[in-house]
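J.: Pasted the sequence and its predicted model underneath.
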Amino acid sequence: MSDDAYTPPAIWTWDKDNGGQFASINRPIAGPTHDKDLPVGEHPLQLYSMGTPNGVKVTILLEELLAAGHKDAEYDAWLIRISEGDQFGSGFVAINPNSKIPALVDYRGSEPLAIFESGAIMTHLAESFGAFLPTETAARARVMAWLFWQMGSAPFLGGGFGHFYNYAPVKIEYAINRYAMEAKRQLDVLDRQLAEKAYVAGEEYSIADMAIWPWYGQLVLGRLYNAAEFLQVQDYTHVLRWARELEERPAVKRGRMVNRTFGEPAEQLPERHDASDFALRTADKL
C-alpha cells in the first residue's frame, strides 16, 4: 500500500477546509443554516428533490403511477440544489430534519403529511394508491426485503465506492479496493437473483425495482462514477438485461429527467409542474 499512514487524534475535530468538493455543504451538526420557505404548487403531492439516484426513485414511481391511470398522483417537483445548500433552508429542514433529498408533502388528507427518506415515501405512495406493492403477505414481504436491501446496500456503493473512486480529493488504494469489492459483491447478489426472476422481487414490477434501478441499473449502464470498465459490469448479464428493459419504460425515461441539472440539456427538467413540461420546459428549451 502506498497510502500515507494516518494516526487518528484522541478527539476528532472538524476541519471545514478538508472535505474535498463537498466541504462547503458538509458539517457535523443538523438544523437550518438560513431561513427559506418552500414553494407550494397546485397539485396534491409536492416533491422537493434533485435528480440523484435517491431522488430519481421517487420520480420514477410518480410517473409510473400517472402512467397507470392514478390521476391523484399529479405532483409538483421543486429543485433542491444540494451543492448550494438548499437542503439546509428552514422550510426544507421543517419537513426533513435530516436535510437529505427527497422529501414529500402529501396534501390529500385532512392535514398535510410530510415524509422523508425515499423508501418511506415510496412505501406511502404505493400503499395509498394500491399499486406496485403486493398486498398478499409473502409477495409484499419479498418486495419490502429488496427495498430495504437497497436502502442498506447503496450507501456502500455511493458514499463508499462512488465517493472514494470518483469524488475524494485523494485516491486511497485501501478505500477503493474495499468498496470496489463490496460493489461487485452487491452486483453479484442482484445478478443471481435476476437470473431466476424477471424483476428483483419476482415476476411483477414493483417499487423494489424502481428503488434499485437508479443505483445499480444506472451503474451497469455506465452512468455512475465512470466506473463501468473498472468494475467490469458486462459480467453481470442478468443485471444488464433488467437494467436495459427498465430503461425503455416511458415512465422511467421521464422520471430520470425530473429535477435533473446535469447531462444532456434535452434530458434535464429542473422543475416539473405539468406533464407538458417534458415537451416544453427541458433545459434546452429555456
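T.: Sure thing, it's come through. This one's a predicted model, so the numbers in the text were calculated from it and none came from an experiment.
J.: And for Q268, the neighbour number?
T.: Other residues within reach of Q268 by the criterion other CB atoms under 10 Å amount to 20. For every residue, glycine as well, the C-beta is placed using N, CA and C.
J.: show me what contacts the closest residue to it other than its chain neighbours?
T.: Spatial nearest neighbour of Q268, excluding adjacent residues (CB to CB, 6 or more residues apart in numbering): A283 at 3.8 Å. If a contact means CB atoms under 8 Å, 6 or more residues apart in numbering, then A283 has T261, P265, A266, Q268, L269, P270 as its contacts.
J.: what do you get if the cut-off is 7 Å, keeping everything else the same?
T.: By CB atoms under 7 Å, 6 or more residues apart in numbering, the contact set of A283 is P265, Q268, P270.
J.: quick one: which of those sit in strands?
T.: In strands, judged by DSSP state E, none of these are found.
J.: Pick the one among the residues you listed closest to S276.
T.: Taking CB to CB as the measure, P270 is the one of those closest to S276, at 15.2 Å.
J.: Spell out which residues make up each domain of this protein.
T.: What the TED database lists as the domains of the chain is 1-132, 137-248.
J.: End to end on the last one, go ahead and measure it.
T.: Chord length of domain 137-248, first to last residue, is 30 Å (CA to CA, to the nearest Å).
J.: Going forward, the N-terminal residue is numbered 52.
T.: With 52 as the first residue, the last one maps to domain 188-299.
J.: How about the contacts made by A246?
T.: H289.
J.: ok, it to Q269 distance?
T.: 20 Å (CB to CB, to the nearest Å).
J.: List the contacts of M308.
T.: Contacts of M308 (CB under 7 Å, 6+ apart): E318, Q319, L320, F329.
J.: make it 6 Å
T.: E318, L320 (CB atoms under 6 Å, 6 or more residues apart in numbering).
J.: Tell me how far it lies from A196.
T.: 30 Å.
J.: And A145, by the same measure?
T.: When distance is defined by CB to CB, A145 is 32 Å away from A196.
J.: For the residue positioned nearest the centre of the chain, which non-adjacent residue is closest in space?
T.: Using CA atoms, centre = their mean, the residue of the chain that lies closest to the mean C-alpha position is N105, 1.2 Å off. Spatial nearest neighbour of N105, excluding adjacent residues (CB to CB, 6+ apart): S169 at 5.0 Å.
J.: my read: that neighbour touches K108, true?
T.: Yes. Between S169 and K108 there is a contact at 4.9 Å, judged by CB atoms under 6 Å.
J.: helix/strand/coil for F313?
T.: Classification of F313 by DSSP: H, G, I helix; E, B strand; the rest coil places it in coil.
J.: ok, how many other residues are close to it?
T.: Residue crowding around F313 was assessed by other CB under 10 Å; the count is 11.
J.: Likewise for T333?
T.: 18.
J.: Same check on the one 4 residues further on?
T.: Here the neighbour count serves as a burial measure; for L337 (other CB under 10 Å) it reads 10.
J.: do S169 as well
T.: S169: 29 surrounding residues under other CB under 10 Å.
J.: what do you get for the one 5 residues further on?
T.: Here the number of neighbours of T174 (other CB under 10 Å) works out to 18.
J.: now L198
T.: L198 has 26 neighbouring residues, counting by other CB under 10 Å.
J.: who touches it in this structure?
T.: L198 touches G170, A259, A262, counting by CB under 6 Å, 6+ apart.
J.: Give the buried residues for the strand or helix carrying it.
T.: Assigned by DSSP states H and E, L198 falls within helix 188-206. Across helix 188-206, burial judged by 16 or more other CB atoms under 10 Å covers A190, R191, R193, V194, M195, W197, L198, W200, Q201, S204, A205.
J.: And the strands in the stretch 202-337 of the chain, which stretches?
T.: Assigned by DSSP state E, counting those that start in this stretch, the stretch 202-337 of the chain shows no strands.
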